[in-house]
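K.L.:
Please find the sequence and the predicted model below.
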Amino acid sequence: MTHLFFDVVVLMPAALMFVTMLFSLQPRGSVGGLWRAFMGLSGLALACAAVAGLICLEPTGLRHWISVNPFGMAMAVLVQLLGTVIAAFSARYLEGERGQRRYAAALAGVLSAVHLLLLADHWVVLIAAWALVGVALQHLLCFYPDRAFALLAAHKKRIADRLADTLLIIAGILAWAEVGSGSFSDLWRYLAREGMTTNLQLSASCLVLAVVVRTALLPVHGWLIQVMEAPTPVSALLHAGVVNLGGYILIRFAPLLEQAMLARILLVAFGLGTAVIAGLVMLTRISIKVRLAWSTVAQMGFMLLECGLGLYTLAALHLFGHSLYKAHAFLSASTVVRRTRFQMMRGTVSAAPISLFLAPAAAVPTVLLIQAVVGSAAWPWWWSVVLGLAWAPLLWLPAQNSRLRIICLQGLSGLLMVVGFTGMALLFHALPLGITDAPDHTLGIIALTGMAALYLCLVLLQLRAQALGAWRRRIYAGFYMDEIYTRLALRIWPTRWIPEPSSHR
């Protein structure tokens, strides 16, 4: 009886969101009543996810096709919390709009499919659930059928999804043929008993490439930038939740990736390249939502880099932090726009040159010192340096302000943020999420070199922005990689139903 209760509670969030989807498609009742019912069922699903997370203290298999693990249950709570908040925001944002029932059904469908993916313990379930996430999301991206760039982004994402599905199917076939079972639990036991084989190496590489495509890393990132034409809550759902699923899949497949060096090299190459290029492009953009989109691309690259380096616990922390931050950033985008316009009226604030060089000299030793004081071996020394370089811009001081008191307060504030972030990362390692790190020191040195190059580029953009000339224009254009992908996508899979861009202006 206890096991039956546990099974029901675990499956309830996916089932409730599926029921919500079916209810939303019914033409009866008012739109206000629809959203009230949506919020009630979503709140109940959140409560079930929280209860399941509290009683799931160790991985548990259910019916051989799905399984429960502490990290997956924590993700389920996060997903349903974000879904509930986004639904509440959508009810106000779309007030008076046509097609709200279709929107609510698609939103519930995405949440139901994501819950199913979080429970997947079989290749068939994983492939089907991830494909269903993409299918439901297409209806949200195309909510405004007269916006050409939204339709183009949906078309490009559809192509990326089909490519990712193909790669996932190949990965599953290779692993199934080698292990004799499609169960992930059987795969972990086979790896522990027999070790890595050629088929599993190829399977891991195909899995990584599928995640790269689905997570919108360069060079197939353009659709994630262009979905800014979709409603703001859709952008929040996409940037705060859906694209992060790639990081969750990689963390789940840590036992396979630990022994698949080719797959880890691919993750480091794509992740580091994306983090560096997207981080630079973000600094050249003016539009708030576009900057947030490029920030997501850079953060996804950084997250996949962490997985490639074997720092799965940090990748999990990054996933949670990025989801919460991006949901808040998009849902409060109007406030950010007003604040940014006010700052622009006061003049552009540039960093003091000396702080550009002193910041890493303060941030890196701070991270190393905290780790030494705590006595933690949570991550290797080279990652402490990478974190110090990533957080060094928090210690940049404005060049326009010469008052010593203000400079000291801003420097102290930045230093406290570095200490807080480092302490949070160390504390996260102590949580019982069932995640084990497997750092690779050779790949770590490569990542450290890349992050040092990125920081140097940031310094050059601050000191010699005009002198960069053509390079700045290329950076602004993202080195034209999206244009290449767009032309290739329209050539491979032409579409006739996208209107001219001028039709919605």
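P.N.:
Alright, I've got the coordinates.

K.L.:
Distance check, the residue nearest to residue 31 when sequence neighbours are not counted against residue 183.
P.N.:
Nearest non-adjacent residue to residue 31, counting by CB to CB, 6 or more residues apart in numbering: residue 100, 5.2 Å away. Any C-beta I mention is one placed from the backbone N, CA and C, and that applies to glycine too. In this view, residue 100 and residue 183 are 41 Å apart by CB to CB, to the nearest Å.

K.L.:
Pick out whichever of these two has more residues nearby.
P.N.:
Neighbours per residue (other CB atoms under 10 Å) separate residue 100 from residue 183, with residue 183 holding more: 22 against 19.

K.L.:
Who does the more buried one form a beta bridge with?
P.N.:
Beta-bridge pairing for residue 183 (DSSP bridges): residue 122.

K.L.:
picking that back up, ok, the residue nearest to residue 31 to residue 86 distance?
P.N.:
Residue 100 is 14 Å from residue 86, by CB to CB.

K.L.:
got it, and residue 494?
P.N.:
For residue 494, the distance to residue 86 equals 34 Å [CB to CB].

K.L.:
and these two? which has more neighbours close in?
P.N.:
residue 86 (26 against 9).

K.L.:
mind listing the helices for the stretch 1-150 of the chain?
P.N.:
2-24, 31-55, 70-93, 100-119, 123-141, 148-179 (DSSP state H, counting those that start in this stretch).

K.L.:
residues contacting residue 93?
P.N.:
231, 232, 233 (CB atoms under 8 Å, 6 or more residues apart in numbering).

K.L.:
thought the first one was touching residue 90?
P.N.:
Yes. Taking CB atoms under 8 Å as the definition, residue 231 is a contact partner of residue 90 at 7.3 Å.

K.L.:
Give the residues shared as contacts by the two.
P.N.:
Residues touching both residue 231 and residue 90 (CB under 8 Å, 6+ apart): residue 103.

K.L.:
Those two: who's more crowded?
P.N.:
residue 90 (25 against 20).

K.L.:
Quick one: residues contacting that one.
P.N.:
Contacts of residue 90 by CB under 8 Å, 6+ apart are 35, 103, 104, 107, 231, 233.

K.L.:
Next, count neighbours for the closest residue in space to the third one that isn't next to it in sequence.
P.N.:
Distances taken as CB to CB, 6+ apart put residue 24 closest to residue 104, at 4.0 Å, once the chain neighbours are dropped. One way to gauge burial is a neighbour count; for residue 24, by other CB under 10 Å, it gives 22.

K.L.:
could you measure residue 24 against residue 483, distance?
P.N.:
In terms of CB to CB, residue 24 sits 38 Å off from residue 483.

K.L.:
now for the helix or strand harbouring residue 297, which elements pack on it?
P.N.:
In this structure, residue 297 is located in helix 288-308 according to DSSP states H and E. Helices and strands touching helix 288-308, by 3 or more CB pairs under 8 Å, 6 or more residues apart in numbering; DSSP states H and E, are helix 222-226, helix 232-240, helix 245-252, helix 254-257, helix 261-284, helix 312-331, helix 333-345.

K.L.:
one more time with 6 Å, if that's ok
P.N.:
With contacts taken as 3 or more CB pairs under 6 Å, 6 or more residues apart in numbering; DSSP states H and E, helix 288-308 sits against helix 261-284, helix 312-331, helix 333-345.

K.L.:
Quick one: closest of the ones you listed to residue 50.
P.N.:
helix 312-331 (15.1 Å; CB to CB).

K.L.:
what mean pLDDT does that closest one have?
P.N.:
Summarised as a single mean, pLDDT over helix 312-331 is 89.

K.L.:
ok, the closest residue to residue 237 other than its chain neighbours - contacts?
P.N.:
The shortest distance from residue 237 to any residue other than its chain neighbours is 5.3 Å, reached at residue 86 (CB to CB, 6+ apart). Shown in contact with residue 86 (CB atoms under 6 Å, 6 or more residues apart in numbering): 233, 236, 237.

K.L.:
Out of the residues you listed, the closest to residue 161 would be?
P.N.:
Looking across the contacts of residue 86 and measuring by CB to CB, the closest to residue 161 is residue 237, at 16.0 Å.

K.L.:
How about residue 153: what's its closest non-neighbour residue?
P.N.:
residue 226 (3.6 Å).

K.L.:
one step back: so the residue nearest to residue 31 sits against residue 94, correct?
P.N.:
Yes. Taking CB atoms under 6 Å as the definition, residue 100 is a contact partner of residue 94 at 5.4 Å.

K.L.:
Let's see the pLDDT reported for residue 284.
P.N.:
79.

K.L.:
any idea of the pLDDT on the nearest residue to it once chain neighbours are set aside?
P.N.:
Closest residue to residue 284 apart from its sequence neighbours, by CB to CB, 6+ apart: residue 476 at 4.3 Å. Listed pLDDT for residue 476 reads 77.

K.L.:
try the one 10 residues further on
P.N.:
Residue-level confidence at residue 486 comes out at 87, pLDDT.

K.L.:
Report how many residues lie close to it.
P.N.:
By other CB under 10 Å, the residues close to residue 486 number 17.

K.L.:
Spatially, and excluding backbone neighbours, which residue is closest to it.
P.N.:
With CB to CB, 6+ apart, the residue lying closest to residue 486 is residue 222, at 6.2 Å.

K.L.:
ok, the one you found touching residue 482?
P.N.:
Yes. The pair residue 222 / residue 482 is scored as a contact, 3.3 Å apart, by CB under 6 Å.

K.L.:
Between the two, which is the more surrounded one?
P.N.:
Set side by side, residue 222 and residue 482 show more neighbours around residue 222, with 24 against 20, by other CB under 10 Å.

K.L.:
On the pLDDT front, check the more buried one for me.
P.N.:
85.

K.L.:
same deal with residue 28?
P.N.:
The per-residue pLDDT of residue 28 was computed as 82.

K.L.:
what's it sitting at in phi/psi?
P.N.:
Main-chain torsions, residue 28, degrees, to the nearest 10: phi -80, psi 150.

K.L.:
What of residue 97?
P.N.:
phi -80, psi 150.

K.L.:
May I ask which helix or strand of this protein has the lowest mean pLDDT?
P.N.:
helix 333-345 (a mean of 53; mean pLDDT, DSSP states H and E).

K.L.:
and the next element down the chain from it?
P.N.:
Next element after helix 333-345 (DSSP H and E): helix 353-374.

K.L.:
ok, residues contacting that next one?
P.N.:
Contacting residues not belonging to helix 353-374 are listed as 384-385, 387-389, 391-392, 395-397, 418, 422, 426, 459, 462 [CB under 6 Å, 6+ apart].

K.L.:
Name the nearest of these relative to residue 20.
P.N.:
Proximity of those to residue 20 (CB to CB) peaks at residue 426, which lies at 39.0 Å.

K.L.:
The closest one: how many residues sit nearby?
P.N.:
Using other CB under 10 Å, residue 426 has 17 neighbouring residues.

K.L.:
Check which helices and strands the helix or strand it falls within is in contact with.
P.N.:
For residue 426, the host element (DSSP H and E) is helix 404-429. Judged by 3+ CB pairs under 6 Å, 6+ apart, helix 404-429 is in contact with helix 312-331, helix 353-374.

K.L.:
Taking their axis directions, the first one and helix 70-93 sit at what angle?
P.N.:
Angle of helix 312-331 versus helix 70-93, following axes from the mean of the first three to the mean of the last three CA atoms, to 10 degrees, is 0 degrees.

K.L.:
chain center to helix 312-331: distance?
P.N.:
7 Å (CA atoms, centre = their mean, to the nearest Å).

K.L.:
What angle do helix 232-240 and that helix make with each other?
P.N.:
Interaxial angle, helix 312-331 versus helix 232-240 (the same axes, to 10 degrees): 170 degrees.

K.L.:
So which bits of helix 312-331 are buried?
P.N.:
For helix 312-331, a neighbour-count test (16 or more other CB atoms under 10 Å) marks 312-319, 322-323, 326-327, 329-331 as buried.
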